[in-house]
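Asks: Sequence first, predicted coordinates after that:
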Amino acid sequence: MRTIQRRLPFFTHSFSSPHLPCINSPSLLLSSPSHSHSTFNIRSKSSPIIMAAVIKVHGVPMSTATMRVLAALYEKDLQFELIPVDMRVGAHKQEPYLSLNPFGQVPALQDGDLTLFESRAITSYIAEEYSDKGEKLTCPGCKKVKATTKVWVEVEGQQFDPIASKIAFERIFKGMFGMTTDPAAVKDLEDKLVKVLDIYEARLAKSPFLACDCFTLADLHHLPAIHYLMGTDSKTLFESRPKVSEWVKKITARPAWSKVVALQKQ
C-alpha cells in the first residue's frame, strides 16, 4: 500500500466519515493472468488505451464497494476496463463523475449505453445480464430457492456489512489516518457481529453456502469486509465458529477473489 489519502471515503454505505487508502499509480496498465480470458485495463488521462473493453468500472481497488463489483466481473470471466477515480482531488464529487453517480460515491459501471451505481445493484445486473458466462452467481432453482438467495443478499447488506465495515474502520483505517481506535466501540460492534455470525453458523450447518448449495452473490458480497477483518484480531470471531470458518476459507480462496486482492498490490 503506497499512499494513504485522507479525503477518500471508504465504507460509503455505512457511515459518512471514514476514508479510503488509494493506489498511487492510476496510469499503470494491467492485464489478467494468462490462464484466464478476463482482461482489464487501469488507465488515466495520461495513459493510452491499449485494450478496448465494453464494460467500464469507475472506482478504486481498495474500496469495498468497488471490490464487490470487480469480484463479480472476474467470476463471470468478463472483459472490463478499470478507470481510477482521483478521489484525492475530489473527482468523485465533481463532473463528469457526478453524471455517472450523482451521490458522488464509487463505483459506477458503464456497459454500452447503460450506466449503473450502487455496488450490489451492479453485481445483480452482471449476474443476470451475463448469466451464460462464468459462474452463475445465482441459484438455478425454483422460486423458493431464488427467494432465499434474495433474503441472504439482504442480510449481508442490512445486518452484516453495517457492523463489519465499522469494525474495519476502527481497527484498520483509524490508525492509518493518525486516529485512535475506540476499544469500547470495537467491543460493542463485535458483540453485535457475534450475534450475526451465530445465525450464520446455524445457517451454514444446513448448506455449504448461505443461500443454497452453490456460491452466489449472497456469499460474494461478504468478501470485501471479510478480507479486511481477517487481517485483524476480529478474525477470531469467524475462526471460532467451525461452519463460518470453513465458509470463509472457501469463498476467500476463489480464483476470482485472488485477482481482486492482487489489484490492490499493483
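Replies: Cool, the structure landed.
Asks: Just give me the neighbour total for the residue nearest to V248 when sequence neighbours are not counted.
Replies: Distance criterion Cβ to Cβ, 6 or more residues apart in numbering; nearest residue to V248, sequence neighbours excluded, is F238 at 5.3 Å. Using the backbone N, CA and C atoms, a C-beta is placed for each residue, glycine as well. Residues near F238, counting by other Cβ atoms under 10 Å, number 19.
Asks: In contact with F238, which residues are there?
Replies: Counting by Cβ atoms under 8 Å, 6 or more residues apart in numbering, F238 touches L197, I226, L229, M230, V244, S245, V248.
Asks: Could you tell me how far it is located from Y200?
Replies: From F238 across to Y200, the span is 9 Å (Cβ to Cβ, to the nearest Å).
Asks: Please identify every residue contacting each of the two.
Replies: By Cβ under 8 Å, 6+ apart, the residues touching both F238 and Y200 are V244.
Asks: can I assume G112 is in contact with Y125?
Replies: No. Between G112 and Y125 there is no contact under Cβ atoms under 8 Å: 11.9 Å.
Asks: Tell me who's in contact with Y125.
Replies: Contacts of Y125 (Cβ under 8 Å, 6+ apart): L109, D111, L116.
Asks: which ones among these are found in helices?
Replies: Assigned to helices by DSSP state H, none of the contacts of Y125 qualify.
Asks: what about the protein, any weak spots by pLDDT?
Replies: Across the chain, the ranges flagged by pLDDT under 70 are 1-53.
Asks: In three-state terms, label K133 for me.
Replies: With DSSP: H, G, I helix; E, B strand; the rest coil as the basis, K133 sits in coil.
Asks: Distance of the nearest residue to it once chain neighbours are set aside relative to L114?
Replies: Spatially, and ignoring its direct neighbours in sequence, K133 is nearest to K76 (4.6 Å; Cβ to Cβ, 6+ apart). Going from K76 to L114 by Cβ to Cβ gives 16 Å.
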